[in-house]
Every structure is written in structure tokens, then in C-alpha cells.
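In: Sharing a sequence plus its predicted fold:
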Amino acid sequence: QVQLVESGGGLVQPGGSLRLSCAASGSIFSINDMGWYRQAPGKQRELVATISSGGSTNYADSVRGRFTLSRDNAKNTVYLQMNSLKLEDTAVYYCHAVDVAVLGIGRFLEVWGQGTLVTVSS
């Protein structure tokens, strides 16, 4: 099996920073895209940022220039550095992985993490 283990959420003041981490566990052979989505109360889940296995990134307009997504393929881990946080960034952030190949098991089209809460409040 494969799991995405997230960490780094918490409470931060507007203008502050947080760094989220997401590590894929299991006998992983390869992962295509990884990234983060978020869901605020009463709203639909939305894309935050994604990164390909080659390092190409894609950001939502609302976070571009403030958030930076990076990836360590050797550790099957992605990092989301969030700067200049705003009240509207408050949400549960979910890690997401696409096309995960696991040794001895096969391929998973997509895998989701359990979510980590980010609260931006003064």
C-alpha cells in the first residue's frame, strides 16, 4: 500500500509563513505529479499547486508568488512553503499524488493524504 503523510499545519498570523511537508510511504517505485489541494469551510476543494516528477510546477492564481512547491524525488516528498499568508488561505490542505507505482503491488491512479489544517488568524 501507499500513504501520504502530511505535516506542518497550524495557526499563523496574517503575513506569516508555514511550511507543509508530504511524504509518500511504502515501496514506491515512481510517482508522477504530486501537489496540494485545499478546502475551506463551505467551499469546494481547489488546486493549490502541483509539481511533476521533472520539477515543473503549476500554481493557482491566488497563491502564485506567495507559495513555493518543491520536491525531493529520492525521499518521495514534497514541500509547500507558504509566505505572506492571508486570512483566505485558511483551509484543510490535502496532499495529492498521481500515478503512483508501488513495487509488488501495482499502480494507483491517485492517492490523497488525510489533510492538515492551516488557520490564518490574528
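Out: Yep, that arrived. Residues are numbered from 1 along each chain as shown.
In: And the strands in the chain, which stretches?
Out: For the chain, the strands defined by DSSP state E cover 3-7, 10-12, 18-25, 28-31, 34-39, 46-51, 57-59, 67-72, 77-82, 91-102, 106-112, 116-120.
In: which parts of stretch 68-78 are buried?
Out: Neighbour counts over stretch 68-78 (16 or more other Cβ atoms under 10 Å) mark 68-69, 71, 76-78 as buried. Bear in mind the C-beta positions are built from the backbone N, C-alpha and C, glycine included.
In: Equivalent analysis for stretch 2-14, please.
Out: Of the residues in stretch 2-14, those with enough neighbours to count as buried (16+ other Cβ under 10 Å) are 2, 4, 6, 8-9, 12.
In: On the pLDDT front, check the most centrally placed residue in the chain for me.
Out: The chain has Trp36 as the residue nearest its centroid, 2.9 Å off, counting by Cα atoms, centre = their mean. Per-residue confidence (pLDDT) for Trp36: 98.
In: now do Ile105
Out: 88.
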